[in-house]
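# Got a sequence here, can you model it:
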Amino acid sequence: MTMCFAVKDRVQASAEVRPSTTSEACSLSPYDFLPAPDVHDRKRVRMVFVVEHILADHIDQLQHLKKKLNPCIPHRYTKAMQEQSEFVNVGVVDANPSSTTGMIEVLQHLQQYVAVTKNTPVPCLVSGDGLSVKRIIHAQQSRSNGEDWHHRLDSMWAAPQEFHKEILLLQDSNNKFFVGASEIDRGTIAQLKSEFNHRSLCKDVMSNFQHVWDMYEFATEGYVLLCAIRLRGMHAIDDMPAGFPAYQPVKAQLDWLHQLAQEVVEFCWETPDNQGIAIAAKSFVEEPGDISDDALAFCSCDNEKDEDMILCCSSTCKIGWYHISCVGVLELPSIDSTWYCSEACATSGRSIYCLCHRTLDEEMIQCGRMQNCRGSEWYHMSCKGIQPQASLPETWYCGEVCRLEAGSDDHMLNHTKALMWEGLAHITRKMAVREGDGPAMVDDWKSDVLQFWRGKHPKYLMIAHHFLACVGGFAPPNIQHNFVWNRVANPKGKLGGNIGLDLCNEHINRDFKEMLGYSNGKYTARQVLQGVLRCRGHLEKLSTTFFRKSGL
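Numbers count the residues shown, from 1 in each chain. Here you go, the predicted structure:
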């Protein structure tokens, strides 16, 4: 049996997206599927936001700032995403959705609720976990030769959800970090489980998702706090952080907190493989054949040349390094000057340097690790709290991380940074869902494409390609809009209360299956419907449509 429900769209497609213009999937930009540099910039901003809240929540001297911080990162439809979702039950289908035949029956049942205007269906989303989306696509492909839209089942677009994707990614993290043999190593997940008595934590995420999530959130917050304590010369969490402007206005204190959060993120930031992404993007467009990866990784000419190269100083640039002859530069500029490959990069306002990544007209200082700096190599002196006339050591390091790495390759330090980064990635991904931030969720799908490839998850790689193609222009504009903004629900109607529809379905199905279990397999159609009413869970409004059609 398959229990089905519908959720009213809270963000209606505006008039400007109504025209039915679409693009062929093969004509889309590769950066509709891959994370461009600006995707990583936005991810960094969200991580800094999360770290600010962790620090204000737990460090005694900063707790008065909690109410001064924004509770969420505002987006275009923040207010609409706080509204309580309206759920409507659309019945139970006596079919097994794990087979193509069963999924066809489910889709035929759902299709009777699709609005029709002038014999043309109004397309809508049908949501499900990764496996359900794959089966929906297979069911539609099997009926692609149907006589009309009703037989082809093409009034519905399969929409992947967030909860089961998070289970998959959290399982990847657990496989990497939760190793029983590491229990004797301080700071590992296995050692933390033993030390803090997290008995319910186990390897399989699906069977105890909440326990695994709690452990990684706990470990991430703990490492964030330990990093902040080290960076600000504290010995305990209730100490006064060095340099905190306790007697200055709140704005100065918030700026100080923001800078500390940036430094913590810089500590664990995993530098994206922009060159590898550029190679994949060019291969997608140009069919390079025998062109080497080195040629594809740099410049726009796709040729290897024995000449000097110049770096575009915008963090939004998708190429980065160019041959000077290809961009008409006669000689390399001085080391302390900036160069941009185009007007778009020059006006982007985003720099590859400093914690702030802003283009400021002020003196900068280079980290002693130079191009191996874990951060941004060059920094504004003001962003580092250094006075213009201050005397500096012969070799200056941007922070504790580079100072430590200059001495040795510390495997424990590397483990800590990797765990922090993945933990913050999980938290920011959940935050985007909770806030109903559609563009942020799309950014996460683009970043996750790389993890699906590395983790050998072909099913989710295919699903991500389908989803991102639809968002990029393959689907009609109103469906593109719904893919971005109408894939989550807010059962209780509160700020940060959104969850994926597959998680809603998990709660409802659990109650429904428990009800069926009590009957020991002996139940009538009326009893099933009564059970649906009893296990309403988050269904705030049940439709009478199903009862009228059933004649019950």
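# neighbours of A25, just the number please.
A25 has 17 neighbours, counted by other CB atoms under 10 Å. The C-beta positions use only the backbone N, C-alpha and C, and glycine is treated the same way.
# doesn't F474 make contact with it?
Yes. Judged on CB atoms under 8 Å, A25 makes contact with F474 at a distance of 4.8 Å.
# and E217, how many neighbours does it have?
By other CB under 10 Å, 15 other residues sit near E217.
# does it count as helix, strand or coil?
Following DSSP: H, G, I helix; E, B strand; the rest coil, the label given to E217 is helix.
# ok, it - contacts?
The contact partners of E217, taken as CB atoms under 8 Å, 6 or more residues apart in numbering, are G423, H426, I427.
# which residues touch G368?
T395, W396, Y397, C402, A406.
# Out of those, who's the most crowded?
C402 (21 neighbours).
# sorry, back to before: show me the contacts of E217 that map onto helices.
G423, H426, I427 (DSSP state H).
# Going by distance to W149, which of those wins?
Nearest to W149 out of the ones in helices among the contacts of E217 is H426 (CB to CB; 40.0 Å).
# Which one (most neighbours) among the contacts of E217?
Ranked by the number of neighbours (other CB under 10 Å), the contacts of E217 place G423 first, at 24 neighbours.
# my read: that residue touches Y216, true?
Yes. The pair G423 / Y216 is scored as a contact, 5.2 Å apart, by CB under 8 Å.
# Overlap in contacts, these two.
When contacts are counted by CB under 8 Å, 6+ apart, G423 and Y216 have S173 as shared neighbours.
# Contact partners for H109?
If a contact means CB under 8 Å, 6+ apart, then H109 has C4, V90, G91, V93, A95 as its contacts.
# meant to ask about R10
Y77, A80, M81, E83, S85, W485, N486, N490.
# ok, now with 6 Å
R10 is in contact with A80, E83, counting by CB atoms under 6 Å, 6 or more residues apart in numbering.
# any idea how far it lies from G493?
10 Å (CB to CB, to the nearest Å).
# Give the intersection of the neighbour lists for those two.
Counting by CB under 6 Å, 6+ apart, the residues touching both R10 and G493 are E83.
# Kindly reformat the contacts of E217 as a markdown table containing distance to V205 and pLDDT.
Shown next, in a markdown table, are the contacts of E217 (distance: CB to CB, whole Å; pLDDT from 0 to 100):
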| residue | distance to V205 | pLDDT |
| --- | --- | --- |
| G423 | 14 | 96 |
| H426 | 11 | 97 |
| I427 | 16 | 97 |
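# Go through those residues and name the one nearest F467.
Nearest to F467 among the contacts of E217: H426, at 19.5 Å, using CB to CB.
# would you put the C-alpha positions of the host helix or strand of Q253 in PDB?
Q253 is part of helix 250-268, with elements assigned from DSSP states H and E. The C-alpha coordinates for helix 250-268 follow below in PDB (Å, rounded to 0.1, in the frame of the first residue of the first chain):
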ATOM      1  CA  VAL A 250      27.500  46.200  20.400                       C
ATOM      2  CA  LYS A 251      28.300  46.700  16.700                       C
ATOM      3  CA  ALA A 252      32.000  46.500  17.500                       C
ATOM      4  CA  GLN A 253      31.400  43.300  19.400                       C
ATOM      5  CA  LEU A 254      29.400  41.800  16.600                       C
ATOM      6  CA  ASP A 255      32.200  42.700  14.100                       C
ATOM      7  CA  TRP A 256      34.700  41.000  16.400                       C
ATOM      8  CA  LEU A 257      32.500  37.900  16.600                       C
ATOM      9  CA  HIS A 258      32.100  37.900  12.800                       C
ATOM     10  CA  GLN A 259      35.900  38.000  12.300                       C
ATOM     11  CA  LEU A 260      36.500  35.200  14.800                       C
ATOM     12  CA  ALA A 261      33.900  33.100  13.000                       C
ATOM     13  CA  GLN A 262      35.600  33.800   9.700                       C
ATOM     14  CA  GLU A 263      38.900  32.600  11.200                       C
ATOM     15  CA  VAL A 264      37.300  29.400  12.500                       C
ATOM     16  CA  VAL A 265      35.900  28.600   9.100                       C
ATOM     17  CA  GLU A 266      39.300  29.400   7.500                       C
ATOM     18  CA  PHE A 267      40.800  26.900   9.900                       C
ATOM     19  CA  CYS A 268      38.800  24.000   8.500                       C
END
